[in-house]
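**Student:** Give me the fold of what follows.
(chains A and B)
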Amino acid sequence: MSKTATQISVLTANRLGDGIVVFLDFEGAWNEDLEQAIVARSPDEVKALEDRGAWDAVHNLVVEPYLVEVREEGGRPVPIRYRERVRVAGPSILGDVPGYVEPAPSPHRSSRWGEGRGLPSAQAEGEGQPHTSAQASAPHPRPLPVKNGERGAGAQLVEAA
Amino acid sequence: MYRYDEFDAEFVRQRVAQFRDQVGRRLSGELTEDEFKPLRLMNGVYLQLHAYMLRIAVPYGTLSSRQLRKLAHIARVYDRGTGHFTTRQNLQFNWPRLSDIPAILDELADVEMHAIQTSGNCIRNVTADHFAGAAADEVADPRPYAEIIRQWSSLHPEFSFLPRKFKVAVTAAEKDRAAIQVHDIGLHLKRLADGRLGFAVYVGGGQGRTPIIAKLIRDDLPEEDLLSYLEAVLRVYNLYGRRDNIYKARIKILVHEIGAAVFTAQVEEEWQRIRDGALKLPAAEIERINAYFAPPAFERRPAKAALRAPDRAFDRWVTRNTHAHKHPGYAIVTISLKPIGGIPGDASAGQMDAIADLAQRYSFDEVRVTHEQNLVLPHVRLGDLWDVYQALSAIGLAEANAGLVTDIIACPGLDYCALANARSIPIAQRISERLAGRQDDIGDLKIKISGCINACGHHHVGHIGILGVEKRGEEHYQLLLGGSGAEDAALASITGPGFGPDGIVDAVETVVDTYLELRSGPEEPFLAAYGRLGAAPFKEALYA
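**Tutor:** As a prediction, the model looks like this:
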């Protein structure tokens, strides 16, 4: 994980099977709803989130976990960086496009929000259940540390165009 | 167009099978992300801001109707109903599931397409003039040479792990529609002094955080020496290109640091060693590839068919969106993927299907993708233009704005890209809406927008360029003026302090208003006026 929050933070990642943005929630599951995210308010809690993200990445529940700094507005976490706000809200553009019609859901998937076919059973527990995809299936007795700067650093591969 | 032979087909199928196995092992946990990442990137799979993204190669921007229909099908079944055509003549899907991607690649293989070498530090998809094979001003169709380069560079064992990615562009016209001078290698196919075909070779151009215009290192390369010369260039780069600093690893930095003369000498030395070896292109092989690109069976038609109809909108469209064809009685049609307020480069599955139908019926089954994020029907009879126009109107793609101020290049930006610092598309949409009513009066003006310093939106070579940056956690935009990616290639200059998301649209309008006020007349386009006036009056208008 490359980011270390100094204030309050939430832990985010992309779900392995479909890449959708998820946040670690109160129940230890990976949830698409930021409002359900567990908030770290101390260095110890930040460390716990980091360890949990590293563990779930190693166990292939999620990809590239990292901390997002947030502030609380009306009791809800709101990312401080604009980038993270876009990441939470999704593309800002489609609703503005003249004549744009949201395409019908693909017959190949249950819904945008559920995990689908092709996943190992441990990861597919959340199938069809909103906000519970990529749920952790076991406790995490031995969190693995991840050094800062490791995110995306493999072999200097850059996901640029 | 080129058709796979047995070797091509088997090679692509094998690759799909390999990747299917790799995806399965990743999903089962057998492969870690660190192990899987280079494998997925080799197959065009990125992890972007919101989801995975699959980048599909469209070699030299040429598609058949069948291929375009397949892309529509993939958009409909595996994505969210839309594809995004990019500045590298490729197509990106923004929402595929990892588990679906092997199936997508299988579907692509059915129509002789793939996503190989659309990422990674290798020779990427070769781009070409999107009017190739049709343009009245070309000396020959450059696509056979692009195909030869594609075959040579696909899984080239020596060049699969270069210091950094490597992009080649080819044109065969004096008017550069392929932006060859901002590529790692730009090739200009032309007649040499002895009348034979050959190339001017430009090396070391590029954009990104260090924009550089390419250097002409050889002006008279015979066509049969194309591959040996490229091999020599790549070998010198592979040997001396930096691998210790990702930001200084492109060939443009090497050429800049050691100087074009030294670099050229190294290339020439290597070339002399290998030029008469296995890479010498036999005339028969060039002819064999050329045969795939033989002109379609054009009809003999009068040069001036009934072109205009009593319809002002159609007249505007013909004026802006058709281009001179090499064969009398035909025109090249640009299908603008820039409807006013739309997303530059996006096409819905329905639109792709409709365009495929038009290509099949009116353009000898061919479609082109442009680096300006439009599509092209390369061979349309003049007498069919009205029908094509009406069909495009029915799908919302008959905007008569090719080359105008609303024909904006915009990278995916922060709405999709994990690297972006700011959004590009909404800025393009708002500029488009703001200036649409005046675009005919404004005339030729290219706006190019990038959401980060990587410059996928070509902001360095925009007549007006916009670069999105992050400032204290919020979006911010720098404004650049005076660039060109054409034969008069030039890098744009930053005007001064940047603007917020709201201010940048006003700033662009201020620049346009200043141009309209100071131009010598409507016949003086923006870039010429900027060249004559310099930056001062624009800066004064922006910051006074």
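**Student:** what's the least confident helix or strand in chain A by mean pLDDT packed up against?
**Tutor:** Least confident helix or strand, chain A: helix A:82-89 with a mean of 91, by mean pLDDT, DSSP states H and E. Helix A:82-89 is packed against strand A:76-79, with contacts defined by 3 or more C-beta pairs under 8 Å, 6 or more residues apart in numbering or on different chains; DSSP states H and E. C-beta: built from backbone N, CA, C; applies to glycine.
**Student:** which parts of the strand it packs on are buried?
**Tutor:** A:Pro77, A:Pro79 (16 or more other C-beta atoms under 10 Å in any protein chain shown).
**Student:** ok, back up a step: not counting its own residues, what contacts the least confident helix or strand of chain A?
**Tutor:** Helix A:82-89 has contacts (C-beta atoms under 8 Å, 6 or more residues apart in numbering or on different chains) with A:12, A:21, A:34, A:68-69, A:78-79, A:92, B:49-50, B:414-415, B:420-423, B:470, B:473-475.
**Student:** change it to 6 Å
**Tutor:** Residues from elsewhere that reach helix A:82-89, judged by C-beta atoms under 6 Å, 6 or more residues apart in numbering or on different chains: A:Val21, A:Leu34, A:Val68, A:Pro79, B:Leu49, B:Leu414, B:Glu474, B:Glu475.
**Student:** got it, and stretch B:343-350?
**Tutor:** Applying C-beta under 6 Å, 6+ apart, the external contacts of stretch B:343-350 come out as A:93, A:97, B:72, B:75-76, B:81-85, B:337-338, B:373, B:408, B:410, B:425, B:428.
**Student:** ok so, going back, could the contacts of helix A:82-89 go into CSV alongside distance to B:Tyr237, secondary structure and pLDDT?
**Tutor:** Converted to CSV, the contacts of helix A:82-89 look like this (distance: C-beta to C-beta, whole Å; DSSP: H, G, I helix; E, B strand; the rest coil; pLDDT from 0 to 100):
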residue, distance to B:Tyr237, secondary structure, pLDDT
A:Val21, 38, strand, 96
A:Leu34, 45, helix, 96
A:Val68, 39, strand, 97
A:Pro79, 41, strand, 94
B:Leu49, 32, coil, 94
B:Leu414, 32, helix, 94
B:Glu474, 39, strand, 88
B:Glu475, 36, strand, 92
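**Student:** Quick one: which of those is the most crowded by neighbours?
**Tutor:** Among the contacts of helix A:82-89, B:Leu414 has the most neighbours (other C-beta atoms under 10 Å in any protein chain shown), with 28 neighbours.
**Student:** Enumerate every residue touching it.
**Tutor:** A:Val86, B:Ala420, B:Ala422, B:Arg423, B:Gly451.
**Student:** what about the residue lying closest to the second one once chain neighbours are set aside, how many neighbours?
**Tutor:** Put plainly, it is B:Ala420. In space, and not counting its chain neighbours, B:Ala420 is closest to B:Gly451: 3.6 Å by C-beta to C-beta, 6 or more residues apart in numbering or on different chains. Residues contacting B:Gly451 under the criterion other C-beta under 10 Å number 32.
**Student:** With the one 3 residues further on instead?
**Tutor:** Using other C-beta under 10 Å, B:Asn454 has 18 other residues around it.
**Student:** circling back: from the contacts of stretch B:343-350, which land in strands?
**Tutor:** Among these, DSSP state E puts B:Thr82, B:Gly83, B:His84, B:Phe85, B:Ala410 in strands.
**Student:** any chance of these in TSV, with neighbour count too?
**Tutor:** Shown next, in TSV, are the ones in strands among the contacts of stretch B:343-350 (neighbours: other C-beta atoms under 10 Å in any protein chain shown):
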residue	neighbour count
B:Thr82	23
B:Gly83	25
B:His84	24
B:Phe85	25
B:Ala410	32
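**Student:** Output the longest helix belonging to chain A in PDB with nothing but the alpha carbons.
**Tutor:** In chain A, taking DSSP state H as the definition, the longest helix is helix A:43-58. Extracted in PDB, the C-alpha atoms of helix A:43-58 (Å, rounded to 0.1, in the frame of the first residue of the first chain):
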ATOM      1  CA  PRO A  43      -2.500   4.900  14.100                       C
ATOM      2  CA  ASP A  44      -3.200   1.500  15.500                       C
ATOM      3  CA  GLU A  45      -6.500   1.300  13.600                       C
ATOM      4  CA  VAL A  46      -4.800   2.400  10.500                       C
ATOM      5  CA  LYS A  47      -2.200  -0.300  10.900                       C
ATOM      6  CA  ALA A  48      -5.000  -2.900  11.500                       C
ATOM      7  CA  LEU A  49      -6.700  -1.800   8.200                       C
ATOM      8  CA  GLU A  50      -3.400  -2.000   6.300                       C
ATOM      9  CA  ASP A  51      -2.700  -5.500   7.700                       C
ATOM     10  CA  ARG A  52      -6.200  -6.600   6.800                       C
ATOM     11  CA  GLY A  53      -5.900  -5.300   3.200                       C
ATOM     12  CA  ALA A  54      -2.600  -7.000   2.800                       C
ATOM     13  CA  TRP A  55      -4.000 -10.200   4.000                       C
ATOM     14  CA  ASP A  56      -7.100 -10.100   1.800                       C
ATOM     15  CA  ALA A  57      -4.900  -9.200  -1.200                       C
ATOM     16  CA  VAL A  58      -2.600 -12.200  -0.500                       C
END
